[in-house]
Every structure is written in C-alpha cells, then in structure tokens.
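*Asks:* Got a predicted structure plus its sequence, pasted below:
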Amino acid sequence: MQQLLQSEGVVAGNRVLLLAENCGAAVAVLFACARSGICVIPINARQTATEVDRIIAHADPSLIIATTAASPDARDHAGRLGSTEASGAFGTVHVCQTGGGDTDTPEDVAVLLYTTGTTGTPKGVMITHENLHFAGRAAQAFRALGPGHSVYGVAPVTHVIGLASMLTATLSAGATAVLEARFSAERLYAALQGGISHLPAVPQMHALLMQYVRAQGLERLQSDTLVYVSSGGAPLDPDWKARAERFYGLALQNGYGMTETTAATNITKGAKGDPDVSVGPVLPGIGMKIDDTVPGGRDGVGEVLLRGPNIMKGYFRNPEDTAKVLGADGWLRSGDLGRIDEEGRLHILGRSKELIIHGGFNVYPPEVEAALNEHPQVVQCAVVGRLVGGDEKVVAFVEAAEGDPPDPDALRSFAADRLAGYKRLSQIVVVPQLPSAQSGKILKHKLLDEFADQLD
C-alpha cells in the first residue's frame with residue numbers, strides 16, 4: 001500500500017480520503033498512511049454522495065481510495081468520482097486523484113474523523129498518533145486483551161470506536177480482529193459459535209442478536225470462548241443490563257467516550273449481576289470534572305469536562321468551533337450532562353442540548369428511555385423534547401420487536417408506573433426503525449422531522 005501511495009505522488013502532510021467498509025484493504029490504508037506521515041480521512045462508504053462530497057470539499061484530500069472489493073457503496077462512489085483500479089497484496093481498490101496537494105496537515109495528526117454531530121453538520125476531528133496510541137493501550141488493558149484472543153470487529157473502522165477501541169486495541173495486543181463489513185445478527189451468532197472471545201457492540205446490536213436467538217427457540221447464548229462483552233454509545237438501564245447478562249452469561253461492561261476524546265474515557269469493570277449502570281470511573285491518565293454552572297446543572301450535576309493525552313488536537317480548519325469546546329488549559333467540554341458518584345463513577349444523564357424542560361422541571365431523556373426499555377417488546381427507543389405552546393412535551397420514538405408491535409397507550413401506561421409525573425410521556429410513536437449513524441448511534445436530531453406526520 002505504501003508503494004501505491006508513492007506511485008500516486010502522495011507525500012507526508014497530504015491527506016488521503018478512505019471510502020470504506022471494514023476489510024483488510026481499509027486496514028492497509030490506515031497503517032500505510034500512518035507509517036508515511038500521511039493523514040487519512042476514513043469515511044463510511046454507506047454515506048450518501050452529498051455527505052461524502054461535503055467532506056471532500058472541506059478536507060481537500062490529495063487522493064481518494066475506495067475499498068471497492070468489499071463494499072458495493074464504495075464501488076458506486078468510485079464510479080461517480082472517476083477512479084481507476086489498483087491491486088496489490090492488500091487486494092483490489094480504486095483510486096481517484098483530486099488535484100489537491102496541500103501539505104498543511106499538522107505534523108502529529110494521524111486521522112481526520114468527521115463527526116455526525118448533534119446538528120448534523122460534520123466537523124473534522126484531528127486525532128493525533130499519541131491520541132490513538134493512548135486510547136488503544138487503555139482499551140487493551142481494561143479488556144485484558146492479549147495474543148490468542150479474537151475480537152468481533154463490526155464497529156466501523158471509519159468511526160472512532162472501531163478505529164481506536166476495536167482495531168488499535170486489538171492489534172496492539174497481538175490479538176485477532178475478525179472484521180465484518182455490515183452487521184447481521186445471523187453472522188454475529190455464527191461468529192460467536194466460532195471462537196470470538198471479545199464482543200464490543202452498541203445496544204442495538206445486542207438487542208437484535210437477542211431477538212435473533214429467541215427466534216431460534218433459545219433463551220440464551222451458548223459460547224465456550226466468549227469472555228468479554230461490552231456496550232457503548234448509549235446509556236444502560238438496570239433491566240436491560242440484567243437481561244443482557246442472563247443472555248450472555250457474562251457481566252456486561254459499559255463505557256463512555258466521544259470522537260473528540262478518541263473513544264473511551266470511562267469503562268466499567270463490574271461483576272455479573274452488579275446493578276451499577278454508570279459508565280465507570282475515568283481511565284488512568286485522564287482528568288475528569290463536572291461544571292454544574294451550565295444550564296441544567298445543579299448540586300453536582302453538570303457538563304462533563306475531560307483532559308488528557310486522548311483529547312483531540314482540535315477541529316480541522318475550524319478554530320472557532322475548537323475554541324468553543326477546547327480551552328487553553330486543555331479541558332474539553334463534552335456537551336454531556338453527568339454526575340460523579342461517591343465511588344468516582346460517572347453517570348451520564350444525556351446531552352445538554354437534549355435536556356427537556358417540561359413544566360419547569362428538568363427531564364433527562366435516558367431516565368425515560370430506561371423505563372420504556374424495561375418493556376419486553378421494545379428493542380430500543382429515543383426520547384426527545386417537542387416544543388408545544390411554550391412548553392416542551394416529552395415524546396418517545398420506539399423501535400419494537402418484529403411481529404408483535406406494542407400498543408402506544410399501553411406503553412405509556414407501562415412507563416408511567418415507573419416515572420414521576422413531570423417525566424411522563426405526552427406521546428409514543430412506534431416506528432419500524434430508528435434513524436442511526438453508521439456507528440449505530442441514534443440520530444435524535446432527525447426524529448421530529450422524519451416522523452412529523454405521526455405526531456399529534
């Protein structure tokens with residue numbers, strides 16, 4: 001792959017945009033660029049042409065590489081961009097010269113990761129070599145990863161969890177990453193029967209796997225090799241966590257992080273049956289504190305601030321937004337509301353911008369989501385505020401189990417028994433599928449518009 005980069009005239013300081021789904025060729029591009037001092041911009045090939053073109057315009061790469069052998073969407077992008085085929089030990093890819101040639105990437109920046117963002121406007125997060133090294137080693141240590149282990153790699157390497165917490169951690173440990181381009185409950189189940197030892201995933205993947213196994217007439221997973229299961233990307237609730245642990249026969253670990261922190265800053269290390277649903281203590285070497293002076297803050301509840309060798313360098317060509325979240329003292333404003341308990345564990349209460357103020361009371365969406373997730377017919381849900389007549393109403397969008405959708409009114413009653421009056425739902429909308437990013441994260445900012453015709 002380094003020879004390909006040289007033959008295309010790419011030099012240190014240039015940027016290469018990688019249009020990919022998980023495969024060996026994508027890993028080859030990532031490591032070849034890192035060794036050559038070239039900044040790589042990994043983009044999930046399943047993004048639309050509009051989304052990809054917006055990133056190309058902002059990032060100004062010298063070269064585009066598409067993993068066409070592993071991704072039909074990458075083939076489509078390659079075709080419209082006018083690429084040519086290239087082959088090597090890495091397999092077959094397609095490359096496209098863009099005419100760009102800037103070498104103004106900061107020297108220590110290894111990767112530009114464009115975030116989805118709560119507003120839908122992407123920003124290029126500058127991740128350094130030190131960021132990736134620290135994050136990978138931290139995840140490796142907490143998961144006790146080593147040679148002989150096998151990690152299921154369905155988290156996209158084009159996103160920070162797949163790149164840092166899965167790929168970098170696995171390869172740093174000398175373990176094996178079993179790459180999967182797209183999630184399938186059936187393929188995941190087969191992989192778990194075939195030697196997987198570590199399963200990092202998001203709640204939606206766990207929920208769909210449990211649903212698939214139940215459809216096979218089984219109550220729980222049978223695996224002789226699985227030793228570690230984790231969930232990330234969304235808060236847990238006690239009932240869902242207990243169900244998952246019964247299903248796997250293992251403790252379900254949770255974590256917290258974001259693109260700007262190079263994935264995890266907090267990870268739990270609890271035993272099976274532990275009712276703790278925090279995201280755990282902060283990892284060694286990272287600083288954490290709470291700013292309770294922000295809107296929605298009170299008595300130790302406030303915005304989570306983080307500092308350490310995992311924090312991004314900033315947003316590419318965007319000093320204004322960088323200054324809004326990253327102080328001169330190195331503290332990063334996460335935008336998340338949380339609290340730290342007496343044992344030093346962080347509890348995430350939701351995005352500060354997603355705080356719902358209903359009737360003068362603060363309503364934290366994860367608390368309402370936890371109540372709904374206890375219902376056996378709910379696969380996953382998302383709760384948002386909807387402004388009506390000067391007040392925010394609490395609205396839930398629910399993705400239900402196949403074949404047996406719950407009645408919204410029955411769901412409201414179910415949740416009402418578990419919530420204070422001011423947290424109760426004004427409406428529940430049952431939908432076939434919640435909109436999500438390629439990483440599996442639910443895109444809450446799209447819900448009200450996407451399902452506007454179903455709102456009262």
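*Replies:* Yep, that arrived.
*Asks:* Now do the same contact list for residue 71.
*Replies:* 19, 20, 21, 23, 45, 46, 181 (CB atoms under 8 Å, 6 or more residues apart in numbering). C-beta coordinates here come from the backbone N, C-alpha and C atoms, glycine included.
*Asks:* Count the neighbours of the fourth one for me.
*Replies:* If I follow you right, that is residue 23. The number of residues packed near residue 23 is 21, by other CB atoms under 10 Å.
*Asks:* Please give me every residue in contact with it.
*Replies:* Going by CB under 8 Å, 6+ apart, residue 23 touches 67, 69, 70, 71, 91, 179, 181.
*Asks:* returning to what we had before: got a winner among the contacts of residue 71 for most neighbours?
*Replies:* For the contacts of residue 71, the largest number of neighbours (other CB under 10 Å) sits with residue 19, at 33 neighbours.
*Asks:* tell me the pLDDT at that residue?
*Replies:* We have a pLDDT of 98 for residue 19.
*Asks:* how would you label it: helix, strand or coil?
*Replies:* Recorded secondary structure, residue 19: strand (DSSP: H, G, I helix; E, B strand; the rest coil).
*Asks:* Check the one 3 residues further on too.
*Replies:* Classification of residue 22 using three-state DSSP returns coil.
*Asks:* Please tell me how far it sits from residue 152.
*Replies:* Counting by CB to CB, to the nearest Å, the gap from residue 22 to residue 152 is 11 Å.
*Asks:* neighbour count winner among those two?
*Replies:* residue 22 (26 against 23).
*Asks:* give the contact list for the more buried one.
*Replies:* So residue 22 contacts 70, 153, 154, 156, 157, 162, 179, 180, 181 (CB under 8 Å, 6+ apart).
*Asks:* re the thing from before, for the contacts of residue 71, which one is nearest residue 140?
*Replies:* residue 23 (22.4 Å; CB to CB).
*Asks:* I'd like to know which elements the lowest-mean-pLDDT helix or strand in the chain is packed against.
*Replies:* Across the helices and strands of the chain, mean confidence by mean pLDDT, DSSP states H and E is lowest for strand 361-363: a mean of 77. With contacts taken as 3 or more CB pairs under 8 Å, 6 or more residues apart in numbering; DSSP states H and E, strand 361-363 sits against strand 356-358.
*Asks:* Buried residues in the strand it packs on, which are they?
*Replies:* Neighbour counts using 16 or more other CB atoms under 10 Å place 356, 358 of strand 356-358 among the buried residues.
*Asks:* Touching that strand from outside, list them.
*Replies:* 362-365, 383-385, 391-394, 422-423.
*Asks:* now do 10 Å
*Replies:* Contact with strand 356-358 is made by 295-296, 350, 362-365, 368, 383-387, 391-395, 421-424, 426, as judged by CB atoms under 10 Å, 6 or more residues apart in numbering.
*Asks:* Please enumerate the strands of the stretch 101-250 of the chain.
*Replies:* Listed in chain order, the strands of the stretch 101-250 of the chain (DSSP state E, counting those that start in this stretch) span 109-114, 124-128, 150-153, 176-179, 198-201, 228-231.
*Asks:* Keeping just the C-alphas, turn the first one into PDB.
*Replies:* Written as PDB, here are the backbone C-alpha positions of strand 109-114 (Å, rounded to 0.1, in the frame of the first residue of the first chain):
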ATOM      1  CA  VAL A 109      -2.300  14.400  13.200                       C
ATOM      2  CA  ALA A 110      -2.800  10.800  12.100                       C
ATOM      3  CA  VAL A 111      -6.500  10.900  11.300                       C
ATOM      4  CA  LEU A 112      -9.300  13.300  10.500                       C
ATOM      5  CA  LEU A 113     -12.700  11.900  11.700                       C
ATOM      6  CA  TYR A 114     -15.700  13.700  10.500                       C
END
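*Asks:* Let me know the angle separating that strand from strand 124-128.
*Replies:* If you take axes from the mean of the first three to the mean of the last three CA atoms, to 10 degrees, strand 109-114 sits at 150 degrees to strand 124-128.
*Asks:* packing partners for strand 109-114?
*Replies:* strand 15-20, helix 24-36, strand 39-44, helix 49-59, strand 124-128, helix 129-143, strand 314-315 (3 or more CB pairs under 10 Å, 6 or more residues apart in numbering; DSSP states H and E).
*Asks:* so of these, which one's packed in deepest?
*Replies:* Comparing the helices and strands packed on strand 109-114 by mean neighbour count (mean count of other CB atoms under 10 Å), strand 15-20 comes out on top with a mean of 28.
*Asks:* Give the pairing partners of that strand; include direction for each.
*Replies:* strand 39-44 (parallel), strand 63-66 (parallel) (DSSP bridges).
*Asks:* quick one on the thing from earlier: any idea which of the helices and strands packed on strand 109-114 scores lowest on pLDDT?
*Replies:* helix 49-59 - the lowest mean pLDDT of the helices and strands packed on strand 109-114, at a mean of 90.
*Asks:* thinking again about what came up before, would you turn the contacts of residue 71 into TSV with distance to residue 99?
*Replies:* Below are the contacts of residue 71 laid out as TSV (distance: CB to CB, whole Å):
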residue	distance to residue 99
19	17
20	22
21	26
23	27
45	22
46	26
181	30
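*Asks:* between these, which is closest to residue 404?
*Replies:* The closest of those to residue 404 turns out to be residue 46 (CB to CB; 29.3 Å).
*Asks:* returning to what we had before: with residue 442 as the reference, name the closest of the strands paired with strand 15-20.
*Replies:* strand 39-44 (16.1 Å).
*Asks:* can you state the direction angle for that closest one and helix 49-59?
*Replies:* Using the same axes, to 10 degrees: strand 39-44 against helix 49-59 is 170 degrees.
*Asks:* Any idea how far strand 39-44 is from the middle of the chain?
*Replies:* Relative to its chain's centre, strand 39-44 lies at 16 Å (CA atoms, centre = their mean, to the nearest Å).
*Asks:* Could you give me the PyMOL syntax to select whichever of the contacts of strand 356-358 are buried?
*Replies:* This is the PyMOL syntax for the buried subset of those, where burial follows 16+ other CB under 10 Å:
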select buried, resi 296+350+362+363+364+365+368+383+384+385+386+392+393+394+395+423+424+426
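*Asks:* low pLDDT regions in the stretch 101-250 of the chain?
*Replies:* Where the stretch 101-250 of the chain drops to pLDDT under 70, the residues are 116-121, 233-235.
*Asks:* switch the cut-off to 80
*Replies:* Counting by pLDDT under 80, the stretch 101-250 of the chain shows low-confidence ranges at 101, 116-122, 203-204, 233-237.
*Asks:* where along it do the helices fall?
*Replies:* Using DSSP state H, counting those that start in this stretch, the helices assigned to the stretch 101-250 of the chain run over residues 129-143, 160, 169-172, 185-192, 203-215, 238-248.
*Asks:* which residues touch residue 201?
*Replies:* Contacts of residue 201 by CB under 10 Å, 6+ apart are 152, 154-155, 161, 166, 183, 188, 207-209, 229-233, 440.
*Asks:* at 6 Å what do you get?
*Replies:* If you count contacts by CB atoms under 6 Å, 6 or more residues apart in numbering, residue 201 has none.
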